[in-house]
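Q: only geometry, no sequence info:
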């Protein structure tokens, strides 16, 4: 079912299938792509928010190289093999690094035409002065250097003014012809209709108390990207580890409320930050210690492996990864 609206006054969730009344509710609708008000962005750009987005992108990459290998016109081939990633956060940096590995390490071997390899361009456009600002300065510098080493053109302090069907116009006046604009410039809270406008802030996030209860209904708990602690409070990082830690407190507080016990306040402490720069290279900041290279890459994969549910799934991934190394 799809949630159509939430009624605090009726204590009901209206969905595409039926209306459900609640004693307690948890709102965890997450976020959606932030198109940053860029004209044409929603219509013409690729996104990377879920597995189907990733699958569509990979299929598009292969299809693009296929077309380029058969293209006689140089200008058309260059347009096909120019890829623009908009957004220099963790998603944009990881994506650009993976694209470089995939293009130069795999696709250029399957399509061993020199004119294809020479025409490939990966461009990362970021409006800030540095990449991945949420990471320590050493990791930010490392990320930039690794992308340049991987033949990624990094354009800092540059905004995108418009995205057309096969063209991107930048704030400095440049125009880039591309068949693959990818927008990963941030996220907005998922949109849902509510009957209490004062339940949300100007950005559409639900305002919660420190116990993660909605300010308009103590029986509603909100977790993840769609929650905020209100004016004056620093917004929580839009990370999975924040959402899962909030979920534990919300679940505990519902249990406590049902049993008449005091509710716990949520206090976030980061477990560390990990980012991949591509195969065998990653950056990590854990416990105030920053390191990078194969060890960080191994840690990055191990952490995500243990986040998977079920022994069978873990073993399947380990086997897949092991075969992939060879």
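A: Nice, thanks for sending it over. All figures in this text were calculated on a predicted structure; none of them were measured in a lab.
Q: OK, contacts around residue 223?
A: Residue 223 is in contact with 26-28, 212, 243, 246-247, 250, counting by CB atoms under 8 Å, 6 or more residues apart in numbering. No exception for glycine: its C-beta is placed from N, CA and C like everyone else's.
Q: for the closest residue to residue 195 other than its chain neighbours, give me phi and psi.
A: Closest residue in space to residue 195, ignoring its immediate chain neighbours: residue 7 at 4.8 Å, by CB to CB, 6 or more residues apart in numbering. Backbone torsions for residue 7, taken as degrees, to the nearest 10, come to phi -110, psi 110.
Q: does residue 7 touch residue 21 like I think?
A: No. Proximity of residue 7 to residue 21 does not meet the contact threshold set by CB atoms under 8 Å, at 9.3 Å.
Q: and the two? which has more neighbours close in?
A: Neighbour count, other CB atoms under 10 Å: between residue 7 and residue 21, residue 7 has more, with 16 against 10.
Q: for residue 15, see how far away that one is.
A: 12 Å (CB to CB, to the nearest Å).
Q: residue contacts, the residue positioned nearest the centre of the chain?
A: By CA atoms, centre = their mean, the chain has its centre lying nearest to residue 91, at 5.0 Å. For residue 91, the contact set (CB under 8 Å, 6+ apart) comprises 48, 184.
Q: now swap in residue 131 and tell me
A: By CB under 8 Å, 6+ apart, the neighbours of residue 131 are 88-89, 92-93, 124, 140, 143-144, 147, 154, 156.
Q: for the protein, give me the ranges with low pLDDT.
A: 112-116 (pLDDT under 70).
Q: kindly recompute the last result at 50.
A: Judged against pLDDT under 50, the chain has no low-scoring part.
Q: all helices for this structure, in order.
A: 41-44, 51-69, 74-80, 90-102, 108-110, 114-119, 137-149, 240-258, 294-307, 311-325 (DSSP state H).
Q: residue 161: which of these is closest?
A: Closest approach to residue 161 among those (CB to CB): helix 41-44, 10.6 Å.
Q: who touches the residue nearest to residue 195 in this structure?
A: 13-14, 194-195.
Q: inside strands: which ones of the residues you listed?
A: 13-14, 194 (DSSP state E).
Q: one step back: which one of the contacts of residue 131 is nearest residue 230?
A: residue 89 (24.2 Å).
Q: residues in contact with the residue lying closest to the closest one once chain neighbours are set aside?
A: Once flanking residues are discounted, residue 89 sits nearest to residue 132: 6.2 Å by CB to CB, 6+ apart. Applying CB under 8 Å, 6+ apart, we find residue 132 in contact with 88-90, 93, 139-140, 143, 275.
Q: of those residues, which is the nearest to residue 60?
A: Nearest to residue 60, judged by CB to CB, of the contacts of residue 132 is residue 93 at 20.1 Å.
Q: wouldn't that closest one be in contact with residue 148 here?
A: No. At 11.9 Å, residue 93 and residue 148 do not qualify as touching, with contact defined as CB under 8 Å.
Q: quick one: which of those two has more around it?
A: When neighbours are counted by other CB under 10 Å, residue 93 and residue 148 differ, and residue 93 comes out ahead with 31 against 12.
Q: could you find the closest non-adjacent residue to the more buried one?
A: residue 143 (5.2 Å).
Q: picking up where we left off before, with distance to residue 285 added, can I get the helices of the chain in a markdown table?
A: Shown next, in a markdown table, are the helices of the chain (distance: least, CB to CB, whole Å):
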| stretch | distance to residue 285 |
| --- | --- |
| helix 41-44 | 31 |
| helix 51-69 | 25 |
| helix 74-80 | 38 |
| helix 90-102 | 12 |
| helix 108-110 | 33 |
| helix 114-119 | 35 |
| helix 137-149 | 6 |
| helix 240-258 | 13 |
| helix 294-307 | 9 |
| helix 311-325 | 24 |
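Q: deepest-packed of those, please.
A: helix 90-102 (a mean of 22; mean count of other CB atoms under 10 Å).
Q: I figured residue 9 hits residue 199, correct?
A: No. When contacts are counted by CB under 8 Å, residue 9 is not listed as touching residue 199 (10.9 Å).
Q: more neighbours: which of those two?
A: Applying other CB under 10 Å to residue 9 and residue 199 shows that residue 199 carries more neighbours, namely 20 against 9.
Q: next up, phi/psi of the closest residue to that one other than its chain neighbours, please.
A: Distance criterion CB to CB, 6+ apart; nearest residue to residue 199, sequence neighbours excluded, is residue 216 at 4.5 Å. Backbone torsions for residue 216, taken as degrees, to the nearest 10, come to phi -100, psi -10.
Q: heads up, I number from 3, so please use that
A: OK, 3 is where the count begins now, so the last one is residue 218.
Q: list the residues that contact residue 218.
A: Residues counted as contacts of residue 218 (CB under 8 Å, 6+ apart) are 10, 198, 200-201.
Q: now these in TSV, with distance to residue 54?
A: Below are the contacts of residue 218 laid out as TSV (distance: CB to CB, whole Å):
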residue	distance to residue 54
10	32
198	33
200	35
201	31
